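K.L.:
quick one, what's the 3D model for this:
(2 chains)
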Amino acid sequence: MDVLVWLIPISLFLGVVGLIGFIYTLKSNQYDDPDGNSQRILSNKWDDHPRT
Amino acid sequence: MTYTSVSACPACSAAPAALEIVGPATVKKTKLTLSLPTIHCAACIAAVEEILTTYPGVKDARVNLTQKRALIDAGSDIGAQDLISALARAGYQAHELDPTSIALTATDRGGRDLLMRLAVAGFASMNVMLLSVAVWAGAADATRDLFHWISALITLPTIAFAAQPFFRNAWSALRVGRLNMDVPITLAILLALVTSLWETTLSGEHAYFDAALALTFFLLAGRYLDHRARTIARSAAEELTALEVPRALKLIDHHEIQTPVANLQVNDVISLHPGARMPVDGEIIEGHSDIDRSFLTGETLPVPAAPGDLVSAGEINLTGPLIIRTTAVGQDTSLQRMAGLVAIAESGRSRYTPLADRAAKLYAPGVHILSALAFLGWFLYSGDLRIALNIAAAVLIITCPCALGLAVPAVTTAASGRLFRKGMLVKHETALERLAQVDTVVFDKTGTLTTGTPKVTNLDGLAAETLSVALALANGSSHPLSKALSRAIPEKGIHPAPVNSLIERPGFGTQAIYKGERVRLGRAGWAGPAQQSGTLAVLCIGKETTEFTFADDLRPGAAQAVSDLMKSGHHVVLISGDRQNVVQALAKQLNIHDWVAEALPEEKATRVSELQDRGAQVLMIGDGLNDTAALSTATVSISPASALDAARVASDIVLLGQDLTPIPDALTTARRATTRIRENFRVATVYNVIAVPLAIAGMATPLIAALAMSASSITVSLNALRLK
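P.N.:
Residues are numbered from 1 along each chain as shown, chains lettered A, B, ... in the order given. Sure thing, here's the model as predicted:
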């Protein structure tokens, strides 16, 4: 069971990375226009310069 | 004194003065918001953004497809009107939105805050649940203790952050000596944490960290659903309000100056173009016109207006330009006085207790008493505080209203979504529950059952030449009756006759020369004598007169909606402010037996409350200012999107389309939604009935608590989804 010493911190770390990623998407307004984003991805107009 | 304070703190007084000078210039560079109701695809977004960003002076523009809006960062010299016409040339309909009416940021922040707490609670409960699975699977001794400590480490800060909304609500309820759903929730979470920590320090077997987190997560999910449904409805309702940017044209030295209505004062002189809505009460000092009063009185037909006549805010000027001296502004206008009636009626509305609150009232004391009894019983029986506290915590967690917290929001979200797709916007959170009780439907006539635009009824059998002269004269006016003629006559394949020197006499009619003869189309008495009563327009060619009769056009789906409502056993009533014979004709056409004509606004409200006193649950459907009091008196109310702002504010549901057929369907949906809510309560109760005896007997392990909680929450959510 010694492996737990490694596994638990690793799993917590990965979870925290996911949480920070989610908070980043929330802070950068990525949930403001879900319909618009789903349409914008179909056009290649914004491929080189994505709208922020 | 003033002098010393100025010299003592020069920065304090100097800065505002400087700001006042700089202020307007910098404030003007604010963002413009346009509503774009017709955009729907990637190509639309690209085209609109292209037009807006390439427009000289615009710094940046971004389209939000979800809200169907464009946010524009523009220089000071650009007005919304320029951008709207640029978009119109490309075929995109656009309207300016009043930025003060759309409280975008405030509503958004609340939703984001909840979403953040939900995400943190979700993350933490997943991790703790994984650790708990190991404990349930048989981890023992040091491993179990380690897992419990790690769980505690994750749980404590998470609860402190994520469960704040519950703590705050519970505290504000307790402070005024009331109990709400959040009190047992808070107590369960806190008690679970305390006993679990205690157990962990003593290397005990049972810890409820996972239960406390799962509880927080499920309840936050319910709150978030609830919040989102309400935000969508509110922002759509705000948008309807924001479409009407209140401005007036003030006359100063014969120049028209655009002024916000709020800045107008009594005795100001304003100019009113044809088609504009009266911003204030006033007296006409110059000009003739026809005035549409349907929003205030329910009359379909415009009334002629001449100098000396009084006009009220909310009326629409139709044919000629008017100059008006204001007699009342702001709070004193008749429009605002009508709003006073609404405020009185509103107080009656608050009598309704939502189902969730009624459930909480039964539930909250029961849970506390049960848990306290379990604690006392076990403490007396075993004399062990630790066991007794453990049992009490288990009872609280198992009975905790996880499913109850989801039962109502999940159903209302599903039902509101279904109604939204059918073109109905549910504004009030308990509107669906109240709609489900309805057994009497009261309709307003003008603008609700009818479109408010007249239609010619006697074109058949008239000579082609007469019709072509009538068409030529009708084309020269924007009076609703003329418009009705210009719409109807070309459908018969008739072209306008060549006429000369066509002029409109606002308030009377139009006049021209045809084949050397004077021809007139207009009011009886001015254009020529009329034989029939109820004749509404007379055409006079030389000595020969022709009469046109009109009827109000039915709104699409009105007949269908009324007959469907009657078939499903609802009592249908028609209450109108219009004249006796007009209302009678419509009632006969729609087969409505119970009708009232020439009702004043107060009478409408009294009629509704009379029906309510007889035990009826009334649904009021109306659009005018004269309906607002009745709308807020009724159990629940619907108004069409074309209604006056005050009526839309007073009603619980807004009908977005033209068609009335969704109304009977909405009643069915509401009834099914309420059935689902009750079913959900029953499901939650069944889980409690099974699990509570186990908890009291001391047999509830954290595993059983987790299973009961998740299973009941999932059952309730799935049951709600059946509505879709």
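K.L.:
buried set for stretch B:411-430?
P.N.:
Buried positions in stretch B:411-430, judged by neighbour count with 16 or more other C-beta atoms under 10 Å in any protein chain shown: B:411-416, B:418-420, B:422-430. For the C-beta atoms, the positions are set from N, CA and C on the backbone; glycine is no exception.
K.L.:
can that stretch be found next to chain A?
P.N.:
No - contact of stretch B:411-430 with chain A (C-beta under 8 Å from any C-beta of the partner chain) is absent, the minimum separation being 14.0 Å.
K.L.:
what pLDDT does the residue in chain B that chain A sits nearest to get?
P.N.:
Per C-beta to the nearest C-beta, B:Leu65 is where chain B lies closest to chain A, at 3.4 Å. With respect to pLDDT, B:Leu65 scores 82.
K.L.:
for B:Ser482, see how far away the nearest residue to it once chain neighbours are set aside is.
P.N.:
Once flanking residues are discounted, B:Leu65 sits nearest to A:Gly36: 3.4 Å by C-beta to C-beta, 6 or more residues apart in numbering or on different chains. Plainly put, A:Gly36 is 43 Å away from B:Ser482 if you go by C-beta to C-beta, to the nearest Å.
K.L.:
assign the residue nearest to B:Leu65 to helix, strand or coil.
P.N.:
At A:Gly36 the chain is in helix, as set by DSSP: H, G, I helix; E, B strand; the rest coil.
K.L.:
tally of neighbours for it?
P.N.:
20 (other C-beta atoms under 10 Å in any protein chain shown).
K.L.:
ok, how many other residues are close to the closest residue to B:Glu315 other than its chain neighbours?
P.N.:
Nearest residue to B:Glu315, sequence neighbours excluded (C-beta to C-beta, 6+ apart): B:Met278, at 4.7 Å. By other C-beta under 10 Å, 25 other residues sit near B:Met278.
K.L.:
so who does the residue of chain A found nearest chain B touch?
P.N.:
Nearest residue of chain A to chain B, counting by C-beta to the nearest C-beta: A:Gly36, 3.4 Å away. For A:Gly36, the contact set (C-beta atoms under 8 Å, 6 or more residues apart in numbering or on different chains) comprises B:Ile45, B:Val63, B:Asn64, B:Leu65, B:Thr66.
K.L.:
follow-up on the earlier one: look at the residue nearest to B:Glu315 and report its pLDDT.
P.N.:
79.
K.L.:
now it: how far from B:Ile291?
P.N.:
In terms of C-beta to C-beta, B:Met278 sits 8 Å off from B:Ile291.
K.L.:
wait, doesn't the residue nearest to B:Glu315 sit right on B:Asp309?
P.N.:
No - applying C-beta atoms under 8 Å as the test, B:Met278 and B:Asp309 come out as separate, 11.8 Å apart.
K.L.:
so how far is B:Ser486 from the residue of chain A closest to chain B?
P.N.:
A:Gly36 is 41 Å from B:Ser486, by C-beta to C-beta.
K.L.:
then B:Leu590?
P.N.:
Counting by C-beta to C-beta, the gap from B:Leu590 to B:Ser486 is 28 Å.
K.L.:
re the thing from before, find residues that contact each of B:Met278 and B:Ile291.
P.N.:
B:Val311, B:Glu315, B:Ile316, B:Asn317.
K.L.:
which residues does the last one form beta bridges with?
P.N.:
Beta bridges link B:Asn317 to B:Ile291 when assigned by DSSP bridges.
K.L.:
now do the contacts for it.
P.N.:
B:Asn317 neighbours (C-beta under 8 Å, 6+ apart): B:Leu272, B:His273, B:Pro274, B:Gly275, B:Ala276, B:Arg277, B:Met278, B:Ser289, B:Ile291, B:Asp292, B:Ala305.
K.L.:
could you rerun that using 7 Å?
P.N.:
Contact analysis of B:Asn317 by C-beta atoms under 7 Å, 6 or more residues apart in numbering or on different chains lists B:Leu272, B:Pro274, B:Gly275, B:Ala276, B:Met278, B:Ser289, B:Ile291.
K.L.:
what's the closest non-adjacent residue to residue 46?
P.N.:
Using chain A here. Nearest to A:Trp46 is A:Arg40, by C-beta to C-beta, 6+ apart, at 5.6 Å.
K.L.:
um, chain B though
P.N.:
Nearest to B:Ala46 is A:Lys45, by C-beta to C-beta, 6+ apart, at 5.3 Å.
K.L.:
the one you found against B:Ala43, yeah?
P.N.:
No - A:Lys45 lies out of contact with B:Ala43 (C-beta atoms under 7 Å); the separation is 9.5 Å.
K.L.:
got the CA positions of stretch B:409-418 in PDB?
P.N.:
Output of stretch B:409-418 as PDB, limited to C-alpha atoms (Å, rounded to 0.1, in the frame of the first residue of the first chain):
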ATOM      1  CA  PRO B 409     -36.500  23.700 -10.000                       C
ATOM      2  CA  ALA B 410     -35.900  20.600 -12.200                       C
ATOM      3  CA  VAL B 411     -39.600  20.500 -13.100                       C
ATOM      4  CA  THR B 412     -40.000  24.300 -13.600                       C
ATOM      5  CA  THR B 413     -36.900  24.400 -15.800                       C
ATOM      6  CA  ALA B 414     -38.100  21.600 -18.000                       C
ATOM      7  CA  ALA B 415     -41.600  23.100 -18.200                       C
ATOM      8  CA  SER B 416     -40.400  26.600 -18.900                       C
ATOM      9  CA  GLY B 417     -38.100  25.300 -21.600                       C
ATOM     10  CA  ARG B 418     -41.000  23.500 -23.200                       C
END
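K.L.:
burial measure for the residue of chain B closest to chain A, as a count.
P.N.:
Around B:Leu65 there are 22 residues (other C-beta under 10 Å).
K.L.:
hang on, it packs against A:Gln39?
P.N.:
Yes - between B:Leu65 and A:Gln39 there is a contact under C-beta under 7 Å: 5.9 Å.
K.L.:
give me the common contacts of those two.
P.N.:
By C-beta under 7 Å, 6+ apart, the residues touching both B:Leu65 and A:Gln39 are B:Ile45.
K.L.:
check which helix or strand B:Pro556 maps to.
P.N.:
Assigned by DSSP states H and E, B:Pro556 falls within no helix or strand.
K.L.:
excluding its backbone neighbours, what's nearest it?
P.N.:
That would be B:Asp659: by C-beta to C-beta, 6+ apart, it lies 5.0 Å from B:Pro556.
K.L.:
is that neighbour in contact with B:Ala558, as I believe?
P.N.:
No - between B:Asp659 and B:Ala558 there is no contact under C-beta under 7 Å: 8.9 Å.
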